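> Give me a 3D structure for the following:
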Amino acid sequence: IRRAPTPRDRAIAEGEIIVDRYNCGGCHAIDGDGIDIDGDRRVDGGAIARLFVGTPNAHRAPPKLSADGAKVLPAWLFGFLRSPFPLRKNFEIRMPSFDFSEKEANDLVAYFSAKADAPYPFVAEARTELAEADVAVAERLFSEAQCLGCHAPSAAIGDARNIAPSLSLARERLRSDWILEWLRDPQAKEPGSSMPSFFTPVEGAPGTWETPLVDLAGGDAMRQIELLRAYVLGLGAGPNARAGAPSKAVRGR
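Residues are numbered from 1 along each chain as shown. As a prediction, this is how the structure comes out:
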């Protein structure tokens, strides 16, 4: 008996048509389609990425998109697809503009959300601002973790390998739950990532972590991660900052 397609099935099918039409897999790895660039036995991209194989710039290959639906906010992704711009300093290639229609951009947002089993349509996240007493602790955590060593707020970074995006975009770009998981264990989210693991999983105690900064937040690693997330999300706050609300252009199904 053939089952009727689910909304997730339809979102994936419609998105795949656009992915094929614009050859997105020519640059990006999407669900295992691509080649292994850095030797970690995980595919990293398509034909364009082959240009980076065996060169000092292998780390500059187009990013993997397999879990983007769980990472970025739908409103941000919709806007980026319609009008892409460079996300990383010191990066020599950029996402071209394909002049996606509103429907195509919407279908791609739904596609990536469906592939990652992320909620769609998106409901605005409740975001907790830092209490005054926590600001100093969060600032010290941010400093001790040396986040700005790679995530420059502006201008190009001196080290050409530092190509991480500006954290001022985090508030409008990233899902809050994803940030929490990323800070806990970036290698689990994306093996081979250049993002270092600041916290250490406790062997034999799943779901717990150790912190090198035992004098902050009572040495509670999870509390420190929550404070870092709140601090990073606050970096993009301002009169024009968005707090996770989806664009009116992003439609449900």
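> which stretches of the protein have low pLDDT?
By pLDDT under 70, the weakly predicted segments of the chain are 1, 37-42, 89-90, 92, 126, 128, 152-163, 192, 237-253.
> what residue is smack in the middle of it?
residue 71 (4.3 Å; CA atoms, centre = their mean).
> Run through the helices of the stretch 101-250 of the chain in chain order.
If you assign secondary structure with DSSP state H, counting those that start in this stretch, the helices in the stretch 101-250 of the chain sit at 102-115, 132-144, 170-173, 176-184, 186-189, 221-234.
> quick one on the thing from earlier: from residue 15, how far off is the closest residue to the residue nearest to the centre of the chain other than its chain neighbours?
Take residue 71 and drop its neighbours on the chain: the residue closest to it by CB to CB, 6 or more residues apart in numbering is residue 178, 4.9 Å away. Backbone N, C-alpha and C define where each C-beta goes, glycine included. Remark: distance between residue 178 and residue 15 (CB to CB, to the nearest Å) = 20 Å.
> More neighbours: the two, which one.
In terms of neighbours (other CB atoms under 10 Å), residue 15 is the more surrounded of residue 178 and residue 15; the figures are 24 against 20.
> Touching, that one and residue 111? I think so.
Yes - counting by CB atoms under 8 Å, residue 111 is a contact partner of residue 15 at 2.2 Å.
> Could you find the closest non-adjacent residue to residue 97?
Residue 97 sits nearest to residue 84 (CB to CB, 6+ apart), 5.7 Å away.
> quick one: contacts for that neighbour?
Taking CB atoms under 8 Å, 6 or more residues apart in numbering as the definition of contact, the neighbours of residue 84 are 94-97.
> Check residue 214 too.
Taking CB under 8 Å, 6+ apart as the test, residue 214 contacts no residue whatsoever.
> hang on, the earlier thing: which one, of the helices of the stretch 101-250 of the chain, ends up nearest to residue 58?
Nearest to residue 58 among the helices of the stretch 101-250 of the chain is helix 186-189 (17.9 Å), distances taken as CB to CB.
> Just the buried positions in stretch 175-195, please.
175-176, 178-179, 181-184, 186, 189-190 (16 or more other CB atoms under 10 Å).
> Among these, which pair sits farthest apart?
Pairwise across these, and taking CB to CB, the largest span is found between 176 and 190, at 17.9 Å.
> how close does residue 29 sit to residue 197?
Between residue 29 and residue 197 the computed distance is 22 Å (CB to CB).
> who has more neighbours, the two?
The neighbour count for residue 29 versus residue 197, taken as other CB under 10 Å, is higher for residue 29 (23 against 14).
> ok, that one to residue 111 distance?
Applying CB to CB, one obtains 15 Å for the distance of residue 29 from residue 111.
> Next: residue 190.
Computed as CB to CB, the residue 190 to residue 111 distance reads 20 Å.
> same deal with residue 180?
For residue 180, the distance to residue 111 (CB to CB) stands at 24 Å.
> same deal with residue 150?
Plainly put, residue 150 is 30 Å away from residue 111 if you go by CB to CB.
> Over to residue 127?
When distances are taken as CB to CB, residue 127 and residue 111 turn out to be 26 Å apart.
> what do you get for residue 173?
For residue 173, the distance to residue 111 (CB to CB) stands at 18 Å.
> One more: residue 133?
The gap separating residue 133 from residue 111 is 43 Å, by CB to CB.
> repeat for residue 71
In this view, residue 71 and residue 111 are 14 Å apart by CB to CB.
> Next: residue 51.
For residue 51, the distance to residue 111 under the criterion CB to CB works out to 26 Å.
> ok, those two, which is more surrounded?
Taking neighbours as other CB under 10 Å, residue 51 and residue 111 compare with residue 111 leading, 25 against 14.
> Residue 8 is in contact with the more buried one, correct?
No - with contacts defined as CB under 8 Å, residue 111 does not count as touching residue 8, sitting 9.9 Å away.
> burial measure for residue 47, as a count.
12.
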